[in-house]
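Peer 1: Need the 3D shape of this:
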Amino acid sequence: MAKSPFSLDGKHAIVTGGGTGIGKAIAIEFAKAGADVAICSRKLEHLEPVVKAIRDLGRRSFAMAVDVRQEDQVKAMVERTAQELGRLDVMVNNAGASFRAKPEDISINGWNTVVGINLNGVFLGCKWAGKQMMAQGAGVIVNIASIAGVYGSTMMSHYGAAKAAVIMLTRELGTAWARKGVRVNCIAPGPVETEGYLEVLTKTDPEAEKTYKAVAARVGMGRWGRVEEIAYPCIFLASDASSWMTGETIVVDGGPAPREMEG
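Peer 2: As a prediction, the model looks like this:
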């Protein structure tokens, strides 16, 4: 029986921020699709249960504590993956962080932290994965951006600016590496129920429940997304099913809210 073009059987992947939320879902769904998956984040304790879940699916996995802002740590993660798993076929740059604040209240330290994780971290992941993949002659990079990078965000302008840059970086690298065997694509999720997002909301918004419902009301489907609903399009971009795609961004946000006709 011919292998499905959506299969990741025999692929070896890295997922940054793989211990919680969207990253965890991507790592586990990749394993279900046949991939061996190495994961990293700043805290090892988040990663060990995910490594166990991947191994329980019969796939190889390991975890490393990595701050994606530190180039030597990102380089070490890529090198260890290539050594232990044999090669690096898929790099998912998912690690991210933010906080809610009015633009005029964001300190330069706050700005630099958010841009460092969400943009610099993606660049470093792309750089070192790209070097490895070009040496191999093939590979796929999937960057996780946000609709904040498409439409902007009044309460997370630093995050939106960084994610917009990720979308453009994806376009640029997709063009630069298209004839070197490396595809680079991006997903821009809408509001997804993750531990991190809900924690930011509850800690910074005194009317968190009201805000949660208001966000859902702005989605065409009338609800927040689930983490696996971002993992599935990631499988598409990581697999041969998207073999003629590079430099592109897929928006996965439940659609625009219905509007009354204006006459």
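Peer 1: Find the nearest non-adjacent residue to residue 89, please.
Peer 2: Excluding its sequence neighbours, the residue lying closest to residue 89 (C-beta to C-beta, 6 or more residues apart in numbering) is residue 11, at 4.3 Å. Backbone N, C-alpha and C define where each C-beta goes, glycine included.
Peer 1: Does residue 161 belong to a helix, a strand or coil?
Peer 2: Here residue 161 is recorded as helix under DSSP: H, G, I helix; E, B strand; the rest coil.
Peer 1: All further residue positions should be reported with the first residue as 53.
Peer 2: New numbering, starting at 53: the last item is residue 213.
Peer 1: could you point out which element follows the stretch of helix or strand residue 90 belongs to?
Peer 2: Assessed by DSSP states H and E, residue 90 sits inside strand 88-93. Proceeding N to C from strand 88-93, the next assigned helix or strand is helix 96-108, under DSSP H and E.
Peer 1: Can you point out the buried residues in that following helix?
Peer 2: Neighbour-count burial for helix 96-108, counted by 16 or more other C-beta atoms under 10 Å, picks out 98, 99, 102, 103, 105, 106.
Peer 1: which residues sit against it?
Peer 2: 70-72, 76, 79-80, 83, 88-89, 91-93, 112-117 (C-beta atoms under 8 Å, 6 or more residues apart in numbering).
Peer 1: switch the cut-off to 10 Å
Peer 2: Helix 96-108 is contacted from outside by 67, 69-73, 75-77, 79-80, 82-84, 87-93, 111-118, 247, using C-beta atoms under 10 Å, 6 or more residues apart in numbering.
Peer 1: quick one on the thing from earlier: any idea how far the residue nearest to residue 141 is from residue 55?
Peer 2: Plainly put, residue 63 is 11 Å away from residue 55 if you go by C-beta to C-beta, to the nearest Å.
Peer 1: between these two, what contacts are shared?
Peer 2: 86, 292.
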